[in-house]
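Novice: no sequence for this one, just the structure:
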DNA sequence: TCGCCTGTTGACTGACCAGTCAATTTTGCC
DNA sequence: GGCAAAATTGACTGGTCAGTCAACAGGCGA
């Protein structure tokens, strides 16, 4: 608290945001009271309202901050000269690394926004869809180039890809799936391997990097 | 209301449950008041508490009723003598048909339970995982039989498969994806095609039923 | 030193709503 | 018809919290 007390004013906003991540992740947005955020931040109740118009705005800010980074990263990856499979791997990798780096933040974003169709998901629908669209674009280009077959509409492929990632993250969030360095790396490979390679056994050559043979 | 008033007593519980589906789907569980349920059911406020101990219990009931059916169906499908790909297709098909038949109920189950890691998702985690386990089992058996390659751990494959379905449903729930007879059928194919066939272009033969050629 | 502005505090208010309960009606049975 | 049990009603209570606001702190320029 001494630390928080002598922090320069400009940083208080950040402190509150970081505290909110912890508070939202721990209790969930609805169950979390504004006083929990203030307490976690070692700050008076009213100060939250000095920096944010409402409790909602705190969550909005957290989401937008991070989601904009994601959109930028996806765009960058798309701009690079890589095979589509590698682009998808880079995206999966970035999202999983985000979780590894700050599980609470990703938990909040996924649980309270991305997967909350009624409340915040609805509000941020457009932003969320931008990510799908970027991924779909990658798929579409790969199909046009012949690297991906076009049996699947790009929009669906994007949904399947992103859905797989989110489901794995949710597994970790739920503690339904073991997590650790090894599991994070495995997940990246498995997701890309499933979506790109598919589960079907097809005899001929397969990229030997990722495929273990029976 | 005349209709509701003269309904045999035993059905009131059902009427309340059905009303709750509408109310929860429309406003979301948290924003929905018990009085909304009662109003939707044309029933007095207190009657909801005659049949259910709490607002939570109403949602629990809705979820368990339906999820048990899902688990049973998956088990049945697994018991049939079908190629793994067809089993997965049947599962995807069942879930999508469930949505087609009662979008509100599926919306509530997915949005308020399945995807709500903090609140109800946590409560029903075990039940939800049963479904993943059954799907993983199908994958594992197919891998053992050689129909699926074993580059992907069954648990991850199950997550990816279920995640893809849920993401598509969420797309419909969010109105982020067009829905209609054709789209429902397409979705079934696309999901199975993505997860089983993969996106990669691999030259040789592909099941001509589902693959359109460039 | 004074006054001002930004930052900070936390008690308080007003609204909201889940759950209770005593009263009333309906049903089923003799 | 009469009576007990079950179903049904809706006004009311208690607790919870988001958001407000009046007061206070302290840095800084004049």
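Specialist: Right, received. Where do you want to start? Keep in mind the model is a prediction, meaning the values are calculated, not measured.

Novice: from here on, contacts and neighbour counts on C-alpha atoms
Specialist: Fine.

Novice: ok, and the closest non-adjacent residue to the residue of chain A at minimum distance from chain B?
Specialist: Residue nearest to chain B within chain A: residue A:198 (3.5 Å; Cα to the nearest Cα). Closest residue to residue A:198 apart from its sequence neighbours, by Cα to Cα, 6 or more residues apart in numbering or on different chains: residue B:198 at 3.5 Å.

Novice: burial of the one you found, as a residue count?
Specialist: 25 (other Cα atoms under 10 Å in any protein chain shown).

Novice: what's the spacing between it and residue A:97?
Specialist: Distance of residue B:198 to residue A:97, given as Cα to Cα, to the nearest Å: 24 Å.

Novice: now do residue A:173
Specialist: Residue A:173 is 14 Å from residue A:97, by Cα to Cα.

Novice: got a list of what the residue nearest in space to the middle of chain A touches?
Specialist: Nearest residue to the geometric centre of chain A (Cα atoms, centre = their mean): residue A:95, 5.0 Å. By Cα atoms under 8 Å, 6 or more residues apart in numbering or on different chains, the residues touching residue A:95 are residue A:70.

Novice: and it, how far from DNA strand D?
Specialist: Residue A:95 sits 29 Å away from DNA strand D, going by Cα to the nearest atom of the strand, to the nearest Å.

Novice: what's next to the helix ranked longest in chain A, contact-wise?
Specialist: Criterion DSSP state H: the longest helix present in chain A is helix A:55-79. Residues outside helix A:55-79 that contact it (Cα under 8 Å, 6+ apart): A:17, A:20-21, A:34, A:52, A:87, A:90-91, A:95, A:105, A:109, A:113, A:127-128, A:130-131, A:134-135, A:138.

Novice: one more: stretch A:14-22?
Specialist: Under the criterion Cα under 8 Å, 6+ apart, residues A:37, A:38, A:40, A:41, A:43, A:48, A:58, A:59, A:62, A:104, A:105, A:108 lie in contact with stretch A:14-22.

Novice: the residue of chain A closest to chain B and residue B:199 touch, don't they?
Specialist: Yes. Applying Cα atoms under 8 Å, one finds residue A:198 in contact with residue B:199, separated by 7.1 Å.

Novice: what are the ranges of the helices in chain A?
Specialist: So, for chain A - with DSSP H - the helices run A:2-5, A:12-27, A:34-41, A:45-51, A:55-79, A:84-101, A:103-108, A:120-123, A:125-145, A:154-173, A:181-192.

Novice: tell me if the longest one is near DNA strand D.
Specialist: Yes. Residues of helix A:55-79 contacting DNA strand D under Cα under 7 Å from any atom of the strand: A:55, A:56.
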